[in-house]
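Asks: After the sequence you'll find the predicted model.
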Amino acid sequence: VQLQASGGGLVQTGGSLRLSCAASERTFSTYAVGWVRQAPGKAREFVAAIDWWGIGRDVASSVKGRFTISRDNTKNTVYLQMNSLEPEDTAVYYCAARRQFLVTQPDQFDYWGQGTQVTVSS
């Protein structure tokens, strides 16, 4: 499956952005999808994931209460709503997918999109 992430940009502290991850495949609804971010000089960090039917979700403690993941299988798209953004959220955000099972480790995802830059100014 091919993934296309979009929606990144520059925002001030406290602002919001919504990232989208669009997939090319009709069977996208059978994939669990997640978001992973990587800041300069740092390791990849799991952010959030959602299972293939959109019920099971997991969110990293660092963003819990601020970020929400959702999906619309009719549009082959997963969203990451990011509120109350902080400078520490600055990173390239990647969407990633794995068949069926929700995973929370970056290495467990099989398919990756190209990433979208999120920059939060202080």
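Replies: Everything's here; your move. Everything numeric here is computed off the predicted structure, so don't read it as measured data.
Asks: Assign the most centrally placed residue in the chain to helix, strand or coil.
Replies: The centre of the chain sits closest to residue 35, judged by Cα atoms, centre = their mean, with a distance of 2.5 Å. Classification of residue 35 by DSSP: H, G, I helix; E, B strand; the rest coil places it in strand.
Asks: Which pLDDT value belongs to it?
Replies: pLDDT, residue 35: 98.
Asks: Okay, it and residue 53: tell me how far apart.
Replies: According to Cβ to Cβ, to the nearest Å, residue 35 and residue 53 sit 18 Å apart. Any C-beta I mention is one placed from the backbone N, CA and C, and that applies to glycine too.
Asks: pLDDT at the residue nearest to the residue nearest to the centre of the chain when sequence neighbours are not counted, what is it?
Replies: What sits nearest to residue 35 in space, not counting adjacent residues and going by Cβ to Cβ, 6 or more residues apart in numbering, is residue 47, at 4.2 Å. Note for residue 47: predicted pLDDT of 98.
Asks: Point me to the helix or strand that includes residue 47.
Replies: strand 45-50 (DSSP states H and E).
Asks: so what does the following helix or strand past that strand touch, helix or strand wise?
Replies: Sequence order places strand 57-59 as the next helix or strand after strand 45-50, per DSSP H and E. Counting contacts by 3 or more Cβ pairs under 8 Å, 6 or more residues apart in numbering; DSSP states H and E, strand 57-59 is packed against strand 45-50, strand 67-72.
Asks: how about strand 57-59: buried residues?
Replies: Neighbour-count burial for strand 57-59, counted by 16 or more other Cβ atoms under 10 Å, picks out 58, 59.
Asks: Show residues contacting it.
Replies: 47, 48, 49, 50, 51, 67, 68, 69, 102, 104 (Cβ atoms under 8 Å, 6 or more residues apart in numbering).
Asks: before we move on, the earlier item: most tightly packed of the helices and strands packed on strand 57-59?
Replies: strand 45-50 (a mean of 23; mean count of other Cβ atoms under 10 Å).
Asks: can you tell me how far residue 16 sits from residue 89?
Replies: Taking Cβ to Cβ, one finds residue 16 at 11 Å from residue 89.
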